[in-house]
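*Asks:* A structural model of the following input is requested.
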Amino acid sequence: MREVVDYIAAPLRALALDIATLTPDPKNARKHDERNLLAIMSSLAAHGQVKPLVVRSEGRIVLAGNGTLEAAKRLGWPKLACVVVDLDAASAARYSLADNRSAELAEWDWAQLSETLRELGAVVVADLWSPKELELLLQDVWTPPAVPPDDGTAATGTRPALKPGEVTLMVQPDEVALSLTREEWEDATAALAALAEQYAEAGARSRAARRGDDATTQEEIARRAQALVRKIEAATAQETKP
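*Replies:* Numbering: from 1, shown residues only. So this is what the prediction gives:
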């Protein structure tokens, strides 16, 4: 009995390969967290497969579409359309990096995105943006945050130019420019990274349980991050005074 692959766009069905024969790229530098995979699954369920994976002939290693492969497995799909290419190991690795990085280098037209989201409605794209993100993007009049002048001074024009070995920390949304030594910067970024990891773990637990039990934990982590920023500001207050 022939397997039904009507979830694959008609022009791509001749390219269908058994998912069981495909190998996720063991050197894939792009991670797909739960939120990303759920978004891919939602898109596949709604639209089917409309673009093929790119697979290296040797070993049938997936060079582009590893997230789609994992999402399709979760959906129970037996096949995926694939373009099979004959690349050596170095070329394959470079292609994989280029595919991920080139998408990263693109930018949103935020005003157009806001307009499109308002036309579609929040419910249609709820799997792509969080409620908080949509709240900002669906504002009637949306403007991007102001970009401070790149002239070595803060927005107020009072911060002295950086000294050798110093870096600048931009604190959103007030865009407070702080001059920190390399050691201070490393300590601060390490602490913030730890907080971000804890926040992500708390969010994952909350989503998995579909309860609000971890809301307090997330709020506490957010408060700790804000307190750290205030501590950095206080430590450098003397330097930023006129």
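*Asks:* Give me the neighbour count for Gly48.
*Replies:* The number of residues packed near Gly48 is 15, by other CB atoms under 10 Å. Using the backbone N, CA and C atoms, a C-beta is placed for each residue, glycine as well.
*Asks:* Please apply the same query to Ser114.
*Replies:* 20.
*Asks:* tell me the pLDDT at it?
*Replies:* Looking at Ser114, its pLDDT reads 86.
*Asks:* so it touches Glu133, yeah?
*Replies:* No. Ser114 is beyond contact range of Glu133, at 11.2 Å (criterion: CB atoms under 8 Å).
*Asks:* Domain ranges for this protein, per the record?
*Replies:* The record assigns the chain these domain ranges, following automatic domain parsing: 10-104, 107-144, 148-240.
*Asks:* for this protein, which spans come out with low pLDDT?
*Replies:* Along the chain, segments meeting pLDDT under 70 span 1-3, 140-242.
*Asks:* Please, where are all the strands along it?
*Replies:* Assigned by DSSP state E, the chain shows strands spanning 16-18, 53-56, 61-64, 79-85, 166-171, 176-181.
*Asks:* Let me see the contact set for Pro52.
*Replies:* By CB atoms under 8 Å, 6 or more residues apart in numbering, the contact set of Pro52 is 12, 15, 65, 80-83.
*Asks:* nearest to Ala106, of those residues?
*Replies:* Gly65 (17.9 Å; CB to CB).
*Asks:* hang on, that closest one packs against Arg56?
*Replies:* No. The pair Gly65 and Arg56 does not pass the contact test of CB under 8 Å, sitting 11.8 Å apart.
*Asks:* For the two, indicate the residue with more neighbours.
*Replies:* Ranked by neighbour count (other CB under 10 Å), Gly65 and Arg56 place Gly65 first, with 25 against 22.
*Asks:* so what's that one up against?
*Replies:* 52-54, 80, 82.
*Asks:* between these, which has the most around it?
*Replies:* That'd be Leu80 among these, by other CB under 10 Å, with 26 neighbours.
*Asks:* so it sits right up against Lys51, yeah?
*Replies:* No. Counting by CB under 8 Å, Leu80 sits too far from Lys51 to count as a contact (10.5 Å).
*Asks:* contacting residues around Arg13?
*Replies:* 5, 81.
*Asks:* what's the answer for the one 4 residues further on, then?
*Replies:* Leu17 is in contact with 55, 60, 79-82, 84, counting by CB under 8 Å, 6+ apart.
*Asks:* Just the buried residues of the residues you listed.
*Replies:* 55, 79-82 (16 or more other CB atoms under 10 Å).
*Asks:* Format these as CSV; extra columns: distance to Ala45.
*Replies:* CSV is the format used below for the buried ones among the contacts of Leu17 (distance: CB to CB, whole Å):
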residue, distance to Ala45
Val55, 22
Lys79, 16
Leu80, 14
Ala81, 16
Cys82, 20
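*Asks:* Let me know the closest of the residues you listed to Ala89.
*Replies:* Distances from Ala89 to these, taken by CB to CB, are shortest for Val55, at 14.3 Å.
*Asks:* Now that closest one: closest residue in space that isn't a chain neighbour?
*Replies:* Among residues not flanking Val55 along the chain, Cys82 sits closest, at 4.5 Å (CB to CB, 6 or more residues apart in numbering).
*Asks:* Wait, that neighbour touches Ile19, no?
*Replies:* No. Using CB under 8 Å, Cys82 is not in contact with Ile19, being 9.7 Å away.
*Asks:* Tell me who's in contact with Asp99.
*Replies:* 54, 63-64 are the contacts of Asp99 under CB under 8 Å, 6+ apart.
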